[in-house]
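*Asks:* Here is a sequence with its predicted model. Questions after.
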Amino acid sequence: MTVLLFIVATVAGAINSVAGGGSFLTLPTLLYAGITPVVANATSTLAMLPGSVASAVAYRRELRRIGRWLIPLTIVSLVGGFLGGVLLVRTSDTSFMRLLPWLMLLAAVTFTFGDRVRRTLSLEHLHGNDVLVAVVQFVISIYGGYFGGGMGIMMLASFALGGMLDIHEMNALKTFLGVAINVLALGEFIIKGIVAWTPGLIMIAGSILGGYCGAMFARTVDPKWIRGVVVVIGWSMTVYFFIR
């Protein structure tokens with residue numbers, strides 16, 4: 001089981017660095033290991049956070065180009081992530097899991113067709129609208145702190161509608177904000193004692209390796225291929241949750 005946890009976390013860390021969705025590997029694996037759902041969800045957050053930090057370090061060049069987006073979106077991500085973490089420790093996942101497939105569908109559709117819709121409806125004015133992007137990011141952050149699966153796809157979708165075009169810069173910003181979302185949520189999970197430390201620490205090692213290597217690999221690939229991977233992961237997650 002130790003080897004399985006490490007391998008899954010490595011792959012999940014690489015996936016998170018490219019497009020998000022790594023928790024769709026780590027969470028089922030933790031459940032398979034006999035960990036209860038809420039604890040498995042919290043432990044998955046613990047396992048993936050260091051990998052996200054490693055990915056953010058690998059994306060530091062792209063982060064410097066984003067500039068003005070970082071501070072406001074980081075603030076709303078911290079606040080939203082904390083609120084989501086509080087919701088997780090105080091409520092069950094049942095109601096939200098019923099809504100999740102529709103959120104995934106919205107995210108997949110938005111990212112797949114976002115550029116086309118923006119051109120068709122002449123929505124170029126959304127580019128640079130910090131308030132709109134911040135509000136959307138706040139909502140995504142609450143969801144990310146609460147559950148987290150697919151929040152990377154949601155962020156990429158919102159960046160697309162907000163006017164960002166460079167997939168590498170989008171990935172860099174998504175990765176950095178993912179860290180901001182999860183750091184306070186994880187603090188809440190640790191305080192409430194809902195983290196399984198042994199499997200979590202094993203997966204941390206794998207996620208760091210996968211997160212850094214995945215980010216470095218993503219920077220060498222044609223952006224069209226990365227966007228294609230994002231689309232495939234988004235629709236795969238959508239189908240998964242509807243079937244589930």
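*Replies:* That came through, no problem. Numbering: from 1, shown residues only.

*Asks:* Run through the residues that contact Leu5.
*Replies:* Under the criterion of C-beta atoms under 8 Å, 6 or more residues apart in numbering, the contact partners of Leu5 comprise 29-30, 33, 199, 202-203, 206. Where C-beta positions appear, they are placed from N, C-alpha and C, glycine not excepted.

*Asks:* one more time with 6 Å
*Replies:* When contacts are counted by C-beta atoms under 6 Å, 6 or more residues apart in numbering, Leu5 touches 199, 202-203.

*Asks:* Centre of the chain to the helix or strand Ala47 falls within, how far?
*Replies:* Assignment of secondary structure by DSSP states H and E places Ala47 within helix 37-58. Its chain's C-alpha centre and that of helix 37-58 lie 10 Å apart, by C-alpha atoms, centre = their mean, to the nearest Å.

*Asks:* List the buried residues of the biggest helix by length in the chain.
*Replies:* When the chain is parsed with DSSP state H, its longest helix is helix 94-120. By neighbour count, and taking 16 or more other C-beta atoms under 10 Å as the criterion, the buried residues in helix 94-120 are 100-101, 103-105, 107-108, 110-112, 114, 118.

*Asks:* same question for that helix, mean pLDDT?
*Replies:* Averaged across helix 94-120, pLDDT comes to 72.

*Asks:* Next SSE downstream of that helix?
*Replies:* Heading C-terminal from helix 94-120, the first helix or strand you meet, by DSSP H and E, is helix 130-146.

*Asks:* if we can go back for a sec, can I get the buried residues of helix 94-120 in a markdown table including distance to Ser141?
*Replies:* Shown next, in a markdown table, are these (distance: C-beta to C-beta, whole Å):
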| residue | distance to Ser141 |
| --- | --- |
| Leu100 | 16 |
| Pro101 | 20 |
| Leu103 | 14 |
| Met104 | 17 |
| Leu105 | 20 |
| Ala107 | 14 |
| Ala108 | 19 |
| Thr110 | 17 |
| Phe111 | 18 |
| Thr112 | 23 |
| Gly114 | 19 |
| Arg118 | 23 |
